[in-house]
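Peer 1: predicted model and sequence follow; I will ask about them next.
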Number of protein chains: 2
Amino acid sequence: MTSERLHFISGDHDHQRCMKDAITRAEELCLQQGQRFTALRRRVFSLVWRQHKPIGAYEILEELQRDGRAAPPTVYRALDFLLESGLIHRIASLNAYVACLQPEHRHEGQFFICTSCRAFAELDSSLITTAIEQNARESGFEVQRHTIEIMGLCPQCRLLKENA
Amino acid sequence: MTSERLHFISGDHDHQRCMKDAITRAEELCLQQGQRFTALRRRVFSLVWRQHKPIGAYEILEELQRDGRAAPPTVYRALDFLLESGLIHRIASLNAYVACLQPEHRHEGQFFICTSCRAFAELDSSLITTAIEQNARESGFEVQRHTIEIMGLCPQCRLLKENA
DNA sequence: CAGCATTATGTTATATTATAACATAACAGA
DNA sequence: TCTGTTATGTTATAATATAACATAATGCTG
Ligand SMILES: [Zn+2]
Ligand SMILES: [Zn+2]
Ligand SMILES: [Zn+2]
Ligand SMILES: [Zn+2]
């Protein structure tokens, strides 16, 4: 993500289309990387995509169980695959998972999550990473990875609050 | 913390003294805020302080169990108190807790944690928070709180690695 | 000091999140 | 087809955290 602007996906877009595109892109990406985008992985990926919101592993499990028997390792293995392929991210402070909006470009990202509606947006902001790098370098710390999760009100919910 | 420099506490200081001071400061802080720094809270606080490293709730529990019976709620309630008093912080990506080095000044902080020796340092860097605020504001997002956890090599471990 | 409300802790059970270990199945290349 | 590899199924359990209710300690008020 080269943009430094948060993009909260609104409720009124053609979500079927949006999801189908994402799946196609995921398929292509896996193909390029010599990885198998199996039926299970596709199913779990589409469940993560479904709402443009963080989803827990056990929520995913419940959905899988509608199709028949399923156990936690099934979900966690699929999630691990998707995480390693860069198709999803994990939100540590929520124990939840979100779909990556720019999987073609490997990144860790920074996550902005609405405490009211749970909408999320991700950035890969050089403004933020540079600030961190600078603080680290001044002290001789070598950054390997980061967890950056910002909670607050998305633009919609902020407006709702102000008008209330 | 007004400094923007990471301070990793080295192994060769007078830790007994350092811990005792921290406990005294914690006591005073609680007194000021009309809160009770009970024996249990003191014990848990000192366990979090003990190593200047993140510690898990169940590690604390094990220590308490050396003194007699103890169950998870005992630990979690003490931790909740210390968190709310600003005496410790929680590291979401590790499910662990660290002592706050500047409890007099309420803050969320940013945490730098060594993946090799688990040493940690905390900042309250305006460079970082300003970068986040700027990205948020551009998009109409209102920041409420953040989780910022940077993993990497502390100066000591970085030098060790380079000389290896 | 007694009585009472409030706060803190003890105790038991259980919820939630995640992984270990081993069996079976699907797949891909020779 | 044979075979090694990767993926999934299955059962059990680990690790983290909370709910609910009982008891105890504390501090205030009269
Ligand atoms: Zn992403
Ligand atoms: Zn919202
Ligand atoms: Zn702090
Ligand atoms: Zn280190």
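Peer 2: Cool, the structure landed. Ligands and ions are numbered 1, 2, ... in the order given.
Peer 1: in stretch A:37-47, which residues are buried?
Peer 2: Of the residues in stretch A:37-47, A:37, A:41, A:44-47 count as buried by neighbour count, 16 or more other Cβ atoms under 10 Å in any protein chain shown. From N, CA and C alone the C-beta is placed, and that goes for glycine too.
Peer 1: do stretch A:129-149 as well
Peer 2: So, applying 16+ other Cβ under 10 Å, buried residues of stretch A:129-149: A:129, A:131-133, A:135-136, A:139, A:141-143, A:146-149.
Peer 1: just stretch A:110-124 next, same as before
Peer 2: A:110-114, A:118-124.
Peer 1: again, but for stretch A:89-103
Peer 2: Under the neighbour-count criterion of 16+ other Cβ under 10 Å, stretch A:89-103 has A:89-94, A:96-101, A:103 buried.
Peer 1: by contact count, what packs against the helix of greatest length in chain A?
Peer 2: As assigned by DSSP state H, the longest helix anywhere in chain A is helix A:15-32. Other elements packing on helix A:15-32 under the criterion 3 or more Cβ pairs under 8 Å, 6 or more residues apart in numbering or on different chains; DSSP states H and E are helix A:39-49.
Peer 1: at 10 Å what do you get?
Peer 2: In terms of contacts (3 or more Cβ pairs under 10 Å, 6 or more residues apart in numbering or on different chains; DSSP states H and E), helix A:15-32 is packed against helix A:39-49, helix A:72-84, strand A:96-99.
Peer 1: quick one: average pLDDT of the shortest one?
Peer 2: Just to be clear, that refers to strand A:96-99. Mean pLDDT, strand A:96-99: 98.
Peer 1: restricted to strands, list the buried residues of stretch A:129-149.
Peer 2: A:142-143, A:146-149 (DSSP state E).
Peer 1: how about JSON lines for those, with pLDDT added?
Peer 2: Below are those laid out as JSON lines (pLDDT from 0 to 100):
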{"residue": "A:142", "pLDDT": "97"}
{"residue": "A:143", "pLDDT": "97"}
{"residue": "A:146", "pLDDT": "98"}
{"residue": "A:147", "pLDDT": "98"}
{"residue": "A:148", "pLDDT": "98"}
{"residue": "A:149", "pLDDT": "98"}
